[in-house]
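Trainee: Have a look; sequence and predicted model below, questions after that.
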Amino acid sequence: MIRTIKQAGKAIAAMTVLLSAAVSANASTLNNASTLNNPVTLNIAYDSDPVSLDPHEQLSSGTLQMSHLVFDPLVRWGADLQFKPRLAESWEQINDKTMRFTLRKGVTFHSGNPLTTADVKWTFDRLMNSPDFKAIFESFVDLKVIDNYRFDLITKTAFPLVLNSAAYIFPMDSKFYSGLDDKGQDKGLLKKHGETFASRSASGTGPYIVTERQQGVRVEFKRFPNYWDKQSPGNVTNIVLTPIKEGPTRVAALLSGDVDFIYPVPPNDHVLIDRSAQADLVTLGGTRLIHLQLNQNRVAAFKDKRVRQAVDYAINNAGIVEKIMKGFATPAGQQSPKGYVGHVEALKPRYDLKKAKALMKEAGYEKGFSVTMLAPNNRYINDAKIAQAVAAMLAKIDIKVDLRTIPKAQYWPEFDARSADIMMIGWHSDTEDSANFTEYLTACADKKTGWGQYNSGGYCNPEVDNLVKAAGKETNSAKRARLLQDVERILHDDAAIIPLHWENLAWGASKAFAAKDVVNIMNMPYLGDAVMKTKN
């Protein structure tokens, strides 16, 4: 859906402060004539910026958005949700456990090093050891190199999601990340929330090189002159990303012409955008699940599923969507959104305050108890307001909530430390498949496999895990759907998590920027293909 918006007053000048600290692998190569003579700059403002330049440090949309700018995947999703070749120009199924890929020839990294299967192998091995990513690759046994341009991805059993997983392999420059940095650390060291060479330096095959970066303030990118995709329509030579936490300030920056592209557009500002004539609102239905996790290891009451169910019954999902999200979301009663293989139509949100109070009494908590709650205030649409509304709703069943909201950059270390009794998190299925929700959010936590990496509630049901594992081997689509639908029914009955809603997506773009051609439901705009109208 495309709508228009009008010009407003100038946005805050402080957001345009120039930065230092170049972090690019080879920024000095960006002196080709086309870049110097015909610069085209795209100014973007997101609610936050990537926490790291390491594509394997954190599995999040911010990291993946950065990866599509600086690196390139083997394959990627098209607008039709079909796989498109990127660094892998072709693939074929050799047998039920082996898929063979062929790399493009002539692709170079920003450093000038050529891309070969040695880089893909190095990247795959690193992904297999990434706390955040290894669950995606848990079904894989090995990546076997055949020659410089052919390799096999080998799975433990027949596996229906090989290409879904391959979309998360962004080959890294193994030579660039080899050796020691100025601190004597391995340049390839992967460490969450750590100061590493890979977190501050990047050499990918992607359309842009990072030239300047100051965390939380500004990131600058320049077009890589030797980018392999000569068929790309993209004409943008420079991108400047300015994180702007406050929604109204982002909108003001767009309307004043200070930026060309923003995300997200808060629901409260859709009316303002509707009345304007200087920019477009681009919206898509979304599948990111916003939900709460109740920590059973910190709060004894949360071990009782009746209490967890009471929390679920106490929260008015539809009311949150109507009043806070202004209808721009879908109330959720399960993990899987409609259209996903595991979705069960009968599982609806279950708001019933009388039922919630009865469950609390039945469980022996009629007088309630106190808990802490932590939520981000710049990660999801209206996240802080939603958390405040939830706290007020829980007070009606005498659960007293000590709520704290903090910026995303501070939130993730706290989440990893499981530092509150109730924590908010959003999740978009990395594989566009129902199983991914369970693997990360509700599976029994297992550091070895990566399952349950984002399960802060401590929920664990071996039956659920076994069903998901069976689905991971099932190539019959109807049987696989039944397995994953059984998972949703069990999780719903257990109140394993407290689903709130699935976010819709809204971007704002100046008339000069063809945003609708690069956005997608994964919220990973393919800005390498970005086209800006140039002045005559």
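Mentor: Arrived safely, thanks for sending.
Trainee: Kindly list the longest helix within the protein.
Mentor: helix 477-494 (DSSP state H).
Trainee: Contacts made by stretch 387-404 with the rest, please.
Mentor: 292, 310-311, 314-316, 319-320, 323-324, 353, 356-357, 360, 365-375, 405, 420, 422, 424, 500 (C-beta atoms under 8 Å, 6 or more residues apart in numbering). For the C-beta atoms, the positions are set from N, CA and C on the backbone; glycine is no exception.
Trainee: And the strands in the stretch 101-250 of the chain, which stretches?
Mentor: Along the stretch 101-250 of the chain, counting by DSSP state E, counting those that start in this stretch, strands occupy 140-145, 150-155, 208-214, 218-223, 238-241.
Trainee: How many residues are close by the nearest residue to Arg308 once chain neighbours are set aside?
Mentor: The shortest distance from Arg308 to any non-neighbouring residue, by C-beta to C-beta, 6 or more residues apart in numbering, is to Ala495 (3.6 Å). As a burial measure, Ala495 scores 23 neighbours (other C-beta atoms under 10 Å).
Trainee: is it true that Ala495 touches Asp312?
Mentor: Yes. Between Ala495 and Asp312 there is a contact at 4.9 Å, judged by C-beta atoms under 8 Å.
Trainee: Now for the nearest residue to Thr205 once chain neighbours are set aside: which residues touch it?
Mentor: Once flanking residues are discounted, Thr205 sits nearest to Asp72: 4.7 Å by C-beta to C-beta, 6+ apart. Going by C-beta under 8 Å, 6+ apart, Asp72 touches Arg86, Leu87, Phe170, Pro171, Gly204, Thr205, Gly206, Pro207, Trp228.
Trainee: ok, those vs Ala279, which is closest?
Mentor: Pro207 (24.0 Å; C-beta to C-beta).
Trainee: Run a quick check on that closest one versus Trp228, I expect a contact.
Mentor: No. Between Pro207 and Trp228 there is no contact under C-beta under 8 Å: 9.2 Å.
Trainee: out of those two, which sits in the busier spot?
Mentor: Pro207 (26 against 19).
Trainee: What's the local residue count around the nearest residue to that one once chain neighbours are set aside?
Mentor: Residue nearest to Pro207 in three dimensions, not counting chain neighbours: Gly528, with 3.3 Å by C-beta to C-beta, 6+ apart. Using other C-beta under 10 Å, Gly528 has 22 neighbouring residues.
Trainee: cool, and Val145?
Mentor: 16.
Trainee: Spatially central residue in the chain, please.
Mentor: Against the mean C-alpha coordinate of the chain, by C-alpha atoms, centre = their mean, the closest residue is Ser61 at 2.4 Å.
Trainee: Quick check: phi and psi at that one.
Mentor: Per-residue torsions, Ser61: phi -60, psi -30 (degrees, to the nearest 10).
Trainee: quick one: contacts for it?
Mentor: Counting by C-beta under 8 Å, 6+ apart, Ser61 touches His428, Met522, Asn523, Met524.
Trainee: buried residues in whichever strand in the chain runs longest?
Mentor: The strand that spans the most residues within the chain, counting by DSSP state E, is strand 279-294. Going by neighbour count (16 or more other C-beta atoms under 10 Å), the buried part of strand 279-294 is 279-284, 286-294.
Trainee: Tell me the neighbouring strands of it, and mark each as parallel or antiparallel.
Mentor: According to DSSP bridges, strand 279-294 forms sheet pairs with strand 2-5 (antiparallel), strand 422-427 (antiparallel), strand 498-510 (antiparallel).
Trainee: Quick check, pLDDT for Leu272.
Mentor: With respect to pLDDT, Leu272 scores 85.
Trainee: my bad, Gly194
Mentor: In this model, Gly194 is scored at 83, pLDDT.
Trainee: okay, now it: neighbour count?
Mentor: Per other C-beta under 10 Å, the neighbour tally for Gly194 reads 13.
Trainee: And Gln335, by the same measure?
Mentor: Around Gln335 there are 29 residues (other C-beta under 10 Å).
Trainee: Quick check: it is in a helix.
Mentor: No. Assigned with DSSP: H, G, I helix; E, B strand; the rest coil, Gln335 falls outside any helix and is coil.
Trainee: what's the distance between it and Pro160?
Mentor: Distance, Gln335 to Pro160, using C-beta to C-beta, to the nearest Å: 19 Å.
Trainee: show me the contacts for Gly234.
Mentor: For Gly234, the contact set (C-beta under 8 Å, 6+ apart) comprises Pro207, Arg223, Leu527, Gly528, Asp529, Ala530, Val531.
Trainee: measure the residue nearest to it when sequence neighbours are not counted to Arg76 for me?
Mentor: Leaving out its chain neighbours, the residue that sits closest to Gly234 by C-beta to C-beta, 6+ apart is Asp529, at 4.7 Å. Between Asp529 and Arg76 the computed distance is 11 Å (C-beta to C-beta).
Trainee: cool, Leu163 as well?
Mentor: 10 Å.
Trainee: same question, Thr330
Mentor: 26 Å.
Trainee: Could you pull up phi and psi at the closest residue to Asn113 other than its chain neighbours?
Mentor: Distances taken as C-beta to C-beta, 6+ apart put Lys175 closest to Asn113, at 4.9 Å, once the chain neighbours are dropped. With angles defined as degrees, to the nearest 10, Lys175 sits at phi -70, psi -40.
Trainee: what's the pLDDT at Lys175?
Mentor: pLDDT, read off for Lys175, is 98.
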